[in-house]
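> Got a predicted structure here, sequence first:
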Amino acid sequence: MNKIFTFFQQYDKAFHFLASALVMLVVALLAHSLWVGAGIALAGGLAKELYDKFRANGTGFSLADLLADAAGIAMGGVIYGITLV
């Protein structure tokens with residue numbers, strides 16, 4: 001079990017990046033709006049960090065995780081832009 005936890009810890013930022021990019025892209029495509037996709041993805045990332053901060057035995061609020069979310073949102077936006085061409 002410890003190996004699984006270590007794996008997720010090691011790749012946490014990559015998971016934040018990929019999840020935010022995916023949420024951003026899917027929502028933007030469904031809503032036909034870059035801004036709606038970015039807003040929903042950012043709200044999800046922020047909600048997750050607030051959950052981590054306030055839950056018992058939480059990992060705490062991580063600015064690095066939010067930066068990974070922002071980078072993923074930007075990548076999702078680039079991919080969304082490419083799909084419009």
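Arrived safely, thanks for sending.

> Low-confidence ranges, the chain, go.
Low-confidence segments of the chain, defined by pLDDT under 70: 1-9.

> roughly how far apart are the residue most central in space within it and Ile73?
Nearest to the geometric centre of the chain sits Ser20, at 2.8 Å (C-alpha atoms, centre = their mean). From Ser20 over to Ile73 the distance is 5 Å, taken as C-beta to C-beta, to the nearest Å. C-beta: built from backbone N, CA, C; applies to glycine.

> intersection of neighbour lists for the two?
Listed contacts common to Ser20 and Ile73 are Ala41, Leu42, Gly45; contacts here mean C-beta atoms under 8 Å, 6 or more residues apart in numbering.

> From Glu49, how far off is the second one?
Taking C-beta to C-beta as the measure, Leu42 falls 11 Å from Glu49.

> higher neighbour count, those two?
Between Leu42 and Glu49, counting by other C-beta atoms under 10 Å, Glu49 is the more crowded of the two (20 against 17).

> the strands in this protein, which residues?
Secondary structure of the chain (DSSP state E): no strands located.

> quick one: the helices in it?
2-10, 12-31, 34-54, 63-84 (DSSP state H).

> out of the ones you listed, deepest packed?
Most buried of the helices of the chain, by mean neighbour count (mean count of other C-beta atoms under 10 Å): helix 12-31, with a mean of 18.
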